[in-house]
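*Asks:* need a structure here:
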Amino acid sequence: MMNCSVNKGFATGARQNRGVAPPPLPDARLREIAAGYCEGAGDCHGMEHVDRVHATAVAIGKAMNGRLNILSGAAILHDIGRRDESRSRGGLCHAARGAALAEKILRDLGFKGDDVTAICHCIATHRYRDANPPQSLEAKILFDADKLDAIGAVGIGRAFLFAGRIGAKLHNPNIDIDSTVPYTVEDTAYREFRIKLCKIRERMLTPLGRQLAEERHQFMKIFFARLESEINGGVPDVQGS
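*Replies:* Okay, here's the model as predicted:
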């Protein structure tokens, strides 16, 4: 199996020979395959998420002169490893698993070797842990696009969607946020903002990603401050700034 890790020369090579073709539409073949892997994942990580990440990645890629064919393929396939991660109860990393699955898919569809390597690198690093940071421009853009989908108006919607699925309250002002347990009825959308979402803007890797994250962060602050105010009639809680 191909090693989808990157060497020091990848970032330079990834920027060479950028085309001037118009932005690609989602590859119908890839999208059909991805849909099969994402079936049952719901909006949080299903094809609606994939389509939003694709749109954001291509938009950022256009603005930053990224290779749009690489971004399109990587965005469509970036979460195909989630099903195996869930089945392993976290024993597998969905990014690494997705890159391994994507290699065969792409080769079977006749993608060029360099494109396969570039797309796999984007997928393998979109979860970014310390040992495997994105190196290419396209990988950094995919990382940012994926994280942007977790914040702003969409992020708020996803947080409430998840909270509703697990039976959490609309808001629980009488609980210590720092002592709550994730994936339980204590996991409200407000908790998700305070514990996780408010920190995402700090992780962006591209200038445009940082700009978009800051805008979405400010929207979340306003929303949750207003929610707090409407629920308890007190002074809005703007912690997490």
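*Asks:* where are the low-confidence patches of this structure?
*Replies:* The chain contains residues with pLDDT under 70 at 1-26, 40-44, 128-130, 173-174, 180-183, 234-241.
*Asks:* break the chain into its domains for me.
*Replies:* According to automatic domain parsing, the chain comprises the domains 10-136, 152-232.
*Asks:* looking at these, which is nearest to A145?
*Replies:* domain 10-136 (3.9 Å; C-beta to C-beta). Glycine gets a C-beta too; all of them are placed from N, C-alpha and C.
*Asks:* how distant is the closest one from the center of its chain?
*Replies:* 10 Å (C-alpha atoms, centre = their mean, to the nearest Å).
*Asks:* same check, this time on stretch 206-217
*Replies:* From the chain centre to the centre of stretch 206-217 is a distance of 14 Å (C-alpha atoms, centre = their mean).
*Asks:* quick check: which element contains the residue most central in space within the chain?
*Replies:* By C-alpha atoms, centre = their mean, the chain has its centre lying nearest to D146, at 2.0 Å. Under the criterion of DSSP states H and E, D146 resides in helix 137-148.
*Asks:* tell me which helix or strand comes right after that helix.
*Replies:* The first helix or strand that comes after helix 137-148 along the chain, using DSSP H and E, is helix 152-165.
*Asks:* assign a three-state SS to G167, would you?
*Replies:* Taking DSSP: H, G, I helix; E, B strand; the rest coil as the rule, one finds G167 in the coil state.
*Asks:* thinking again about what came up before, and the helix holding D146, what other elements does it pack with?
*Replies:* Judged by 3 or more C-beta pairs under 8 Å, 6 or more residues apart in numbering; DSSP states H and E, helix 137-148 is in contact with helix 10-14, helix 47-63, helix 68-77, helix 113-125, helix 207-232.
*Asks:* again, only using 6 Å
*Replies:* helix 47-63, helix 68-77, helix 113-125 (3 or more C-beta pairs under 6 Å, 6 or more residues apart in numbering; DSSP states H and E).
*Asks:* now do the buried residues in the last one.
*Replies:* So the one you mean is helix 113-125. For helix 113-125, a neighbour-count test (16 or more other C-beta atoms under 10 Å) marks 116-125 as buried.
*Asks:* as CSV, the residues you listed with distance to S136 would be great.
*Replies:* Listed next are these as CSV, based on distance: C-beta to C-beta, whole Å:
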residue, distance to S136
V116, 13
T117, 10
A118, 7
I119, 10
C120, 11
H121, 6
C122, 7
I123, 12
A124, 11
T125, 9
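*Asks:* next, the buried residues of the helix or strand encompassing K104.
*Replies:* Using DSSP H and E, K104 sits in helix 94-108. Within helix 94-108, the residues scored as buried using 16+ other C-beta under 10 Å are 94-103, 105-106.
*Asks:* same deal with stretch 214-234?
*Replies:* Buried, per 16+ other C-beta under 10 Å, within stretch 214-234: 216-217, 220-221, 223-225, 227-228.
*Asks:* just to revisit the earlier point, reformat the buried residues of helix 94-108 as TSV; add distance to C198.
*Replies:* Putting these into TSV (distance: C-beta to C-beta, whole Å) gives the following:
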residue	distance to C198
H94	24
A95	23
A96	28
R97	29
G98	27
A99	29
A100	33
L101	33
A102	32
E103	36
I105	36
L106	36
